[in-house]
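[1] need a 3D model of the sequence below.
(chains A, B and C)
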Amino acid sequence: MTERLNILYSRLLDHYGDPRWWPAGSVYEVMAGAVLTQNTAWTNVQKAIANFGGGLSPQAVEAIDGERLKDIIRPAGSFTRKSLCLKALTDWYACYGYDDERVRRQPMARLRDELLALKGIGPETADSILLYAFGFPSFVADAYTLRLCGRYPLDAGGDVHAVKSFFESRIPRDALLYNRFHALIVINAKAHCRKKPLCADCPLYDTCERRGL
DNA sequence: CGCCAGGGCCATA
DNA sequence: TATGGCCATGGC
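    Sure thing, here's the model as predicted:
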């Protein structure tokens, strides 16, 4: 890991501790949550998940009628697209017999292409599923990561693809490390750096402040 | 009230 | 390929 990235990571880790992160109980719940949280507050996703009554499984989603699925996930917004996307994602999972280990034996690049081919799944959602659901070393470059790159002097580029390859080429290819790093970025963003100006108790405050951000 | 939240698709030019 | 409108709810 480069010096600058190491400093960033260490500061976040010292301040927040090991996050070991994604608030979900199962692999499939992570997959579904990744879709439901697209441009949507996590509190709304929780409401949608709660509407499954603890029965958020691929078998359940396959069995649920499309119209009823819309109604269940309504609190997460954009429910027409997301319901179709959930169905497509579940069909994809069914191709592997809902078997996590079988998915993990496939080449990551191929899985990513398959996910990106599904309507409603783009780069951020695909990477979240690969990393947080299945434990592949695919770095997630989401809105929080882009915002951090705009503030912290990494010179990582401006778009999702550039930022993703920036981190992946400079961090050891380790899924747990990717997990911690991105989780820390999100936790920091939620806790301190939601918008300008940064608050003084943000562990990145001095560096960002020096840049006038 | 208006803004925005852990995006992505689609229509334009 | 690069923008911009759109989806849609709930919290603030």
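
[2] up against DNA strand C, what does chain A have?
    A:39-41, A:43-44, A:47, A:74-81 (CB under 7 Å from any atom of the strand). All C-beta atoms are positioned from the backbone trio N, CA, C, and that covers glycine.

[3] neighbour count and distance to residue A:192 added to the residues you listed, as TSV?
    Shown next, in TSV, are those (neighbours: other CB atoms under 10 Å; distance: CB to CB, whole Å):
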residue	neighbour count	distance to residue A:192
A:39	8	22
A:40	16	21
A:41	12	18
A:43	8	19
A:44	16	22
A:47	15	25
A:74	16	32
A:75	18	27
A:76	26	26
A:77	16	26
A:78	16	28
A:79	18	32
A:80	10	35
A:81	14	32
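
[4] near DNA strand B, list only the ones from those residues.
    A:39, A:40, A:41, A:44, A:77, A:78, A:81.

[5] residue contacts, the closest residue to the first one other than its chain neighbours?
    Among residues not flanking residue A:39 along the chain, residue A:78 sits closest, at 7.3 Å (CB to CB, 6 or more residues apart in numbering). Residues in contact with residue A:78 (CB atoms under 8 Å, 6 or more residues apart in numbering) are A:38, A:39, A:40.

[6] and which of these is nearest to residue A:119?
    Nearest to residue A:119 out of the contacts of residue A:78 is residue A:38 (CB to CB; 12.4 Å).

[7] can you check the pLDDT for that closest one?
    The model reports residue A:38 with a pLDDT of 98.

[8] now do the contacts for it.
    A:78, A:82, A:120, A:124, A:125 are the contacts of residue A:38 under CB under 8 Å, 6+ apart.

[9] how close does the last one get to DNA strand B?
    When you say that, I think you mean residue A:125. Separation of residue A:125 from DNA strand B (CB to the nearest atom of the strand, to the nearest Å) stands at 3 Å.

[10] so which bits of stretch A:40-59 are buried?
    A:40, A:44, A:45, A:46, A:48, A:49, A:52, A:56, A:57, A:58 (16 or more other CB atoms under 10 Å).
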